[in-house]
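Colleague: Okay, here's the prediction I keep looking at, along with the sequence it came from:
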Amino acid sequence: MADYLADVKKYDAGASADAVDKIVKHLGIALRNKDSSLVSCTDPKELDRVKANWVAKKLGVSDDGKASASVEKVCKAMAADNTKSRVTFYYLVAKDLGKLGAL
């Protein structure tokens, strides 16, 4: 948990430990596999899954334009990071959409 929070804090110094913990619990077993614990911004199918499974289902944002803009914004913010943690990515998308409280 501390590693995930430290990674999120690279992008949001005031990150909520509670929100990070809820994302970690939501992702569960996916975090055990190196490949599934990361997000690839160069894979359109991956980004579609993020929008469908995280943004639409979990966060309740069905506006694809808004979801796409948020995902794209986070991809740009994390561009320098070759290993984009799924926890950090999901946190930043939720924050951008104003949905951290909905976790």
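Modeller: Structure received. Residues are numbered from 1 along each chain as shown.
Colleague: ranges for the helices of the chain?
Modeller: 2-9, 17-27, 44-49, 64-77, 86-96 (DSSP state H).
Colleague: and those helices as JSON lines, adding distance to Val55, mean neighbour count and mean pLDDT?
Modeller: Backbone N, C-alpha and C define where each C-beta goes, glycine included. Putting those into JSON lines (distance: least, C-beta to C-beta, whole Å; neighbours: other C-beta atoms under 10 Å; pLDDT from 0 to 100) gives the following:
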{"stretch": "helix 2-9", "distance to Val55": "18", "mean neighbour count": "16", "mean pLDDT": "93"}
{"stretch": "helix 17-27", "distance to Val55": "13", "mean neighbour count": "17", "mean pLDDT": "96"}
{"stretch": "helix 44-49", "distance to Val55": "10", "mean neighbour count": "13", "mean pLDDT": "95"}
{"stretch": "helix 64-77", "distance to Val55": "4", "mean neighbour count": "16", "mean pLDDT": "95"}
{"stretch": "helix 86-96", "distance to Val55": "6", "mean neighbour count": "23", "mean pLDDT": "98"}
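Colleague: Now do the contacts for the most centrally placed residue in the chain.
Modeller: Nearest to the mean C-alpha position of the chain, by C-alpha atoms, centre = their mean, lies Tyr90 at 1.2 Å. By C-beta atoms under 8 Å, 6 or more residues apart in numbering, Tyr90 lies in contact with Ile23, His26, Leu27, Val50, Trp54.
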